[in-house]
Each structure stands twice: as structure tokens, then as C-alpha cells.
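Engineer: sequence and predicted model, in that order:
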Amino acid sequence: MFTVISFLFFTLLVAFFSYRICKGEDTETNDGYFLGGRDLPKPLVGFFAAVLFGAILSSFNSALNSTSTIFALNLYKPKLEARGEDASDKKVIAMGKRVGIALTVLSICVAPFIMYFKGGLYGFLQEMNGFYSAPLFAVVLVGFFTRRATAKAAKATMLLHIVFYGLYEIIKPDINFLHILGIMLPLEVLLMVYMTKKNPRPEPYEFKRKEAPVEMTPWKYRYHLSAVICVVFVLYYVLFSRIGLLHY
């Protein structure tokens, strides 16, 4: 938590001061990192670089491990089991490592082209996340309120979203992708509700609880800390918005 808050606070401060100093200059989103190194006091440049490098490495490492794990356990292992082949942990882990190495090499090859991404790397990633974020949220949302939702409805929602959002990315009309997602999300929820009403599960879904291998007693201060984190992030937003520091 401390690492996340310190990273956000420090990077936002750098972005704020760079914005104030370079206001009116023709700059891109990615230029903020270079402007931070240019505008910061010299003793803080190394600290900023360390925070930035740590955040990048942490994000890349978590994404790499998640992708390798999902491929190995959800795609590779079931495929081996379906064929009746050996699906030992050693074999699955070895495949996960090879996938991780391949993704690392691919990332290194793609990295030089980040400078051509319109809106910077962050904007590009958020736009690409739109291929799955909205339908996943629709599936989870419907699943919260009904236990008769079907896998067919979820798959149809995901497929239609990918097709129509892909068409948006190809045609590229003069409308922000967030507006597209805002339009598609309620339509996808309605589609799932319609398909669930028309062809519901024969029996309500029952979550099968398994005995936890470790102590799972909830921490008594979990709600207090969650409230503090929410308040801190809201304050961050207000502090660095136009009603906060940007107002001056």
C-alpha cells in the first residue's frame, strides 16, 4: 500500500509541476517522464527514476506471471489432460516458463514502437483493455444478481463485444473509446439478462466452498483500511484536478 501511494503521489507531483512549467508547449503524454527529469531538483531525479523503474518492473513482472500462469493452467494443462498425455506440474511449469520467455522477447521487440502510440503508452493500453474490460464487468455484474446466468450468454456477450469494438478500432470514428464502452456496457448487460431470461440454467448455481489450507480469519481492521484507501484516492483525484492544484 505504501509503495502504491508513494508512487502515485510522487509521479502525480512530477506531472503537476511539469504541466505548470511546460504549459503551452507542444508535448505528448510520454514526454512527462522526460520533463520530470528535466524540471526536478537534481537530488530528486535519481529517486524519481527509481520509483518509475520499480513501478514499470513490478507491472511488467505481474502481467508476465499472470499471462504465463493463465496459459499454462487454463489452456495447456486441460489440453494435455483431454489428450490423455502427461500433465505433471514439471511439464506445465516448463511450458509456462517458455511462454514467459517468448512474451519477454516480444515485449522487447515492441518497446521501440511505443513512441508512435497515439496518446502515449498508458492511453494505448487503456484503449486495448477495452476489448475485454466492459464485457467482463457485464458478466460479473449479471452474475452478482442472478444465479441462473449461463455460460452461453457470457460467451455471446464477449464475442459480440470483441467484434463491434474491433470494428470501432478499424473504422476509428471521431469519438473517444470511453464513450463507446459506456454505450456498449448497458447493451451487453441487457443482452445477458435477455438470454438468461429466455434460457436460464436449470438449477441455480451453487458455489462449492473448499476448506482453506491456511488460516482465513478476516482481519478486524479490513473495513477501516479499505475506507482509508478509498478516501486517499478520492483526495488524490481532487487534489490534482481542476478544482485542486490545477486551478491555480
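Structural biologist: That came through, no problem. Numbering: from 1, shown residues only.

Engineer: next SSE after the helix or strand harbouring I180?
Structural biologist: Taking DSSP states H and E as the criterion, I180 maps to helix 177-198. Reading on from helix 177-198 to the C-terminus, the next helix or strand found by DSSP H and E is helix 222-239.

Engineer: show me where the protein has helices.
Structural biologist: Remark: helices assigned in the chain by DSSP state H are 2-21, 31-39, 42-70, 77-83, 89-110, 120-129, 133-145, 151-171, 177-198, 222-239.

Engineer: what would those helices look like in a markdown table with distance to P213 and mean pLDDT?
Structural biologist: Using the backbone N, CA and C atoms, a C-beta is placed for each residue, glycine as well. Formatted as a markdown table, these follow (distance: least, C-beta to C-beta, whole Å; pLDDT from 0 to 100):
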| stretch | distance to P213 | mean pLDDT |
| --- | --- | --- |
| helix 2-21 | 28 | 60 |
| helix 31-39 | 43 | 60 |
| helix 42-70 | 18 | 82 |
| helix 77-83 | 20 | 88 |
| helix 89-110 | 16 | 91 |
| helix 120-129 | 33 | 80 |
| helix 133-145 | 26 | 91 |
| helix 151-171 | 28 | 92 |
| helix 177-198 | 34 | 92 |
| helix 222-239 | 21 | 88 |
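
Engineer: how about the ones you listed, which one is nearest E206?
Structural biologist: With C-beta to C-beta, the closest approach to E206 among the helices of the chain belongs to helix 133-145: 13.2 Å.

Engineer: and that closest one, how far from the chain's centre?
Structural biologist: Helix 133-145 has its C-alpha centroid displaced from the chain centroid by 15 Å (C-alpha atoms, centre = their mean, to the nearest Å).

Engineer: and the angle from that helix to helix 120-129?
Structural biologist: Going by axes from the mean of the first three to the mean of the last three C-alpha atoms, to 10 degrees, helix 133-145 is angled at 50 degrees with respect to helix 120-129.

Engineer: okay, buried residues for helix 133-145 please.
Structural biologist: For helix 133-145, the neighbour count (16 or more other C-beta atoms under 10 Å) marks 134-136, 138-139, 142 as buried.

Engineer: which of the residues in stretch 87-106 are buried?
Structural biologist: For stretch 87-106, a neighbour-count test (16+ other C-beta under 10 Å) marks 92, 95-96, 99-100, 103 as buried.

Engineer: which one of the buried residues of helix 133-145 is nearest to S66?
Structural biologist: S66 has its nearest neighbour among the buried residues of helix 133-145 in L136, at 14.4 Å by C-beta to C-beta.

Engineer: quick check: the most centrally placed residue in the chain vs K97, distance?
Structural biologist: Closest residue to the average C-alpha location of the chain: N129 at 6.7 Å, with C-alpha atoms, centre = their mean. Using C-beta to C-beta, to the nearest Å, we find N129 at a distance of 26 Å from K97.

Engineer: same check, this time on K118
Structural biologist: Note on K118: its distance to K97, by C-beta to C-beta, is 34 Å.

Engineer: cool, R209 as well?
Structural biologist: 33 Å.

Engineer: care to break this protein down by domain?
Structural biologist: What automatic domain parsing lists as the domains of the chain is 1-119, 130-201, 221-248.

Engineer: pick the most buried one from those domains.
Structural biologist: Among the domains of the chain, ranked by average contacts under mean count of other C-beta atoms under 10 Å, first place goes to domain 130-201 (a mean of 15).

Engineer: and that one, how far apart are its ends?
Structural biologist: One end of domain 130-201 sits 29 Å from the other (C-alpha to C-alpha, to the nearest Å).

Engineer: circling back to that earlier point, now the helices of the chain in a markdown table, with distance to E215?
Structural biologist: Formatted as a markdown table, these follow (distance: least, C-beta to C-beta, whole Å):
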| stretch | distance to E215 |
| --- | --- |
| helix 2-21 | 24 |
| helix 31-39 | 42 |
| helix 42-70 | 24 |
| helix 77-83 | 29 |
| helix 89-110 | 25 |
| helix 120-129 | 35 |
| helix 133-145 | 27 |
| helix 151-171 | 34 |
| helix 177-198 | 37 |
| helix 222-239 | 14 |
